[in-house]
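**Student:** My questions are about this predicted structure, shown below with the sequence.
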Amino acid sequence: MISRPSVIASALLLTLSSVPLGAETGVSDDAVLLGMVNVQTGPASALGKGMLVGASAVFEDVNARGGVHGRAIELLVGDDGYEPERAIDETLFMIEDEGVFSLFGFVGTPTANAVLPIVEELEVPLVGLFTGAGSLREPVMRQVFNVRSSYDDEAEAMVAHFLDDGAENVAVFYQNDSFGKAVLSGTEKALARRDMSVYAKSTFERNTIAVRGGLAEMLEADPDAIVMVGTYAPLAELVRQARAAGLDSRMATVSFVGTKNFVEAVGEAGDGVLITQVMPYPHDDGTAVVEDCRRLIDAHSGAALDYVNLEGCVTAKVMVEGLERAGPDLTRDALIEALEGIRDHDLGGITIDYAEDDHQGMDRIFVSEVREGDVVELSEAMQVSESD
């Protein structure tokens, strides 16, 4: 689809032709250039595309109203295919060839981890990653800002729900990479706080739906509950095969799965699967940011609001807030300092809170459940980070 970056968010293809002498990289009098590298093709592409739809809607709206301090936001997009080596190549191309001011909206733990050394060495901000990995949060890296809650937070919510529901043991079926291991680690921590350990483990490989071997191990263990870690295609395959084989364990997964696509792919076998969420319920008409994102996304693309494009929208709103606060004399240092200065900022029903020693903007988790081809919200938001 997109082999090299192309401008997506701007209504017009602007140029950085009028760059004043001594200006920050990627900043001109009339534009600021952002670079998004994420999965636009392959079995996890709906995640990258959803983030793009949500973010583009916000940036398009901002540009139509005159931009930020008179500058239009241009968004270049590169496709990493959810593979770390491609993420490195595309990120370097963004920085060295395209000359972006900041990176934005990356998707996935293995791909994000791969580019961290580049971000740190070249001192380029990376804002709003669709991943809850602890490696992007601790220790705090000056250039990296997360909006969503962590996988440790999501794992705590899953374990608490399972045990409250009567489960006596919890297994983990996970993607065999840094993403899977991040959620496995969070689950281990949540269980350890209750003097428990993971009952059984099995894995599958990224960008495949080869789940049969791992399922066989789950069938043998027959756990009360299973934390599943992966994207929508392999986890849908796992659930279908597990139910067909008679496994009746409670199942749950984290927000990265791509809820809408998972529900569509799993069919009726998905009934009862829990999904922890880091964004409010997309069908909640009482939350201002949800209503605004629905309006913006509908006007931009006509797409229905879902958890992924809602996160893209919210993440873009945080980026815009940072650019606004950084002022007209925009520099990378000014953006970082502006983001760190955001305290208890209400986006319309959700709060963003940063500090110099805390680059995670949100700490809330919502629990949802698949029912009859849809998702319902089971609980109000829980703030669980303080228990970690």
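**Tutor:** That came in fine, so what should we check first? Just so it is clear, the model here is predicted, and its values are computed rather than measured.

**Student:** those strands in the stretch 51-200 of the chain, which residues are they?
**Tutor:** 72-79, 102-104, 126-127, 144-145, 170-175 (DSSP state E, counting those that start in this stretch).

**Student:** can you tell which of those strands is closest to Asp344?
**Tutor:** strand 144-145 (16.1 Å; CB to CB). Where you see a C-beta, it was placed from the backbone N, CA and C, and this is true even at glycine.

**Student:** partners of the closest one, with directions?
**Tutor:** Using DSSP bridges, the strands paired with strand 144-145 in its sheet are strand 126-127 (parallel).

**Student:** The stretch 251-388 of the chain: strands as residue ranges?
**Tutor:** 274-277, 345-346, 351-352, 364-371, 374-377, 382-383.

**Student:** Which other helices and strands does the fourth one contact?
**Tutor:** Meaning strand 364-371. Contacts defined by 3 or more CB pairs under 8 Å, 6 or more residues apart in numbering; DSSP states H and E place strand 364-371 against helix 151-164, helix 259-266, strand 274-277, strand 374-377, strand 382-383.

**Student:** OK, contacts around the nearest residue to Ser45 once chain neighbours are set aside?
**Tutor:** The shortest distance from Ser45 to any non-neighbouring residue, by CB to CB, 6 or more residues apart in numbering, is to Val39 (5.4 Å). Contacts for Val39 (CB atoms under 8 Å, 6 or more residues apart in numbering) come out as Ser45, Leu47, Gly48, Asp79, Asp80, Gly81, Tyr82, Val107, Gly108, Thr111.

**Student:** Let me know the closest of those residues to Asp152.
**Tutor:** Nearest to Asp152 among the contacts of Val39, with distances taken as CB to CB, is Gly108, at 17.3 Å.

**Student:** What count of nearby residues applies to that closest one?
**Tutor:** Counted with other CB atoms under 10 Å, the burial measure for Gly108 works out to 28 neighbours.

**Student:** what's the answer for His69, then?
**Tutor:** Around His69 there are 13 residues (other CB under 10 Å).

**Student:** on that earlier part again, to Pro117, which of the strands of the stretch 251-388 of the chain lies closest?
**Tutor:** strand 351-352 (27.1 Å).

**Student:** quick revisit: pick the most buried one from the helices and strands packed on strand 364-371.
**Tutor:** Highest mean neighbour count of the helices and strands packed on strand 364-371: strand 274-277, a mean of 26 (counted as mean count of other CB atoms under 10 Å).

**Student:** neighbouring strands for that strand, and are they parallel or not?
**Tutor:** strand 250-253 (parallel), strand 364-371 (antiparallel).

**Student:** how about those in CSV, adding distance to Val289 and mean neighbour count?
**Tutor:** Converted to CSV, the strands paired with strand 274-277 look like this (distance: least, CB to CB, whole Å; neighbours: other CB atoms under 10 Å):
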stretch, distance to Val289, mean neighbour count
strand 250-253, 24, 25
strand 364-371, 13, 21
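
**Student:** Which among those is found nearest to Ala57?
**Tutor:** strand 364-371 (21.9 Å).

**Student:** Give me the residues contacting the closest one.
**Tutor:** So strand 364-371 is contacted by 149, 153-154, 156-158, 161, 259, 262-263, 266, 270-281, 350, 375-384 (CB under 8 Å, 6+ apart).

**Student:** tell me which of the contacts of Val39 is nearest to Asp248?
**Tutor:** For the contacts of Val39, the nearest to Asp248 is Leu47 (29.1 Å; CB to CB).

**Student:** can I assume the closest one is in contact with Phe130?
**Tutor:** Yes. Taking contacts as CB atoms under 8 Å, Leu47 lies within contact range of Phe130: 6.4 Å.

**Student:** what's the pLDDT at the residue nearest to Ser45?
**Tutor:** Per-residue confidence (pLDDT) for Val39: 97.

**Student:** Tell me how far it lies from Glu321.
**Tutor:** As judged by CB to CB, to the nearest Å, Val39 and Glu321 stand 26 Å apart.

**Student:** do Gly99 as well
**Tutor:** 24 Å.

**Student:** same question, Val314
**Tutor:** On the measure of CB to CB, Val314 and Glu321 end up 11 Å apart.

**Student:** Settle it for me: which of these two has more neighbours?
**Tutor:** Val314 (29 against 17).

**Student:** just checking, the more buried one touches Ile350?
**Tutor:** Yes. Judged on CB under 8 Å, Val314 makes contact with Ile350 at a distance of 7.0 Å.

**Student:** Common neighbours of those two, please.
**Tutor:** In contact with both Val314 and Ile350: Met279, Val289, using CB under 8 Å, 6+ apart.

**Student:** any low-confidence regions in the stretch 1-150 of the chain?
**Tutor:** 1-22 (pLDDT under 70).

**Student:** ok, Ile73 touching Asn63?
**Tutor:** Yes. Counting by CB under 8 Å, Asn63 is a contact partner of Ile73 at 6.1 Å.

**Student:** more neighbours, these two?
**Tutor:** With neighbours defined as other CB under 10 Å, Ile73 and Asn63 compare such that Ile73 has more, 26 against 20.

**Student:** Let's have the contacts of Val39 in CSV, adding distance to Asp357.
**Tutor:** Shown next, in CSV, are these (distance: CB to CB, whole Å):
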residue, distance to Asp357
Ser45, 35
Leu47, 29
Gly48, 30
Asp79, 34
Asp80, 30
Gly81, 34
Tyr82, 31
Val107, 26
Gly108, 25
Thr111, 26
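
**Student:** Any of the residues you listed buried? List them.
**Tutor:** Buried members of these, counted by 16 or more other CB atoms under 10 Å: Ser45, Leu47, Gly48, Asp79, Asp80, Gly81, Tyr82, Val107, Gly108, Thr111.

**Student:** okay, how far is it across stretch 165-174, tip to tip?
**Tutor:** 22 Å (CA to CA, to the nearest Å).

**Student:** Quick one: mean pLDDT for it?
**Tutor:** So the average pLDDT for stretch 165-174 ends up being 97.

**Student:** residues contacting Leu215?
**Tutor:** Here Leu215 is in contact with Phe173, Ser202, Leu238, Gln241, Ala242, Ala245, Leu247 (criterion: CB under 8 Å, 6+ apart).
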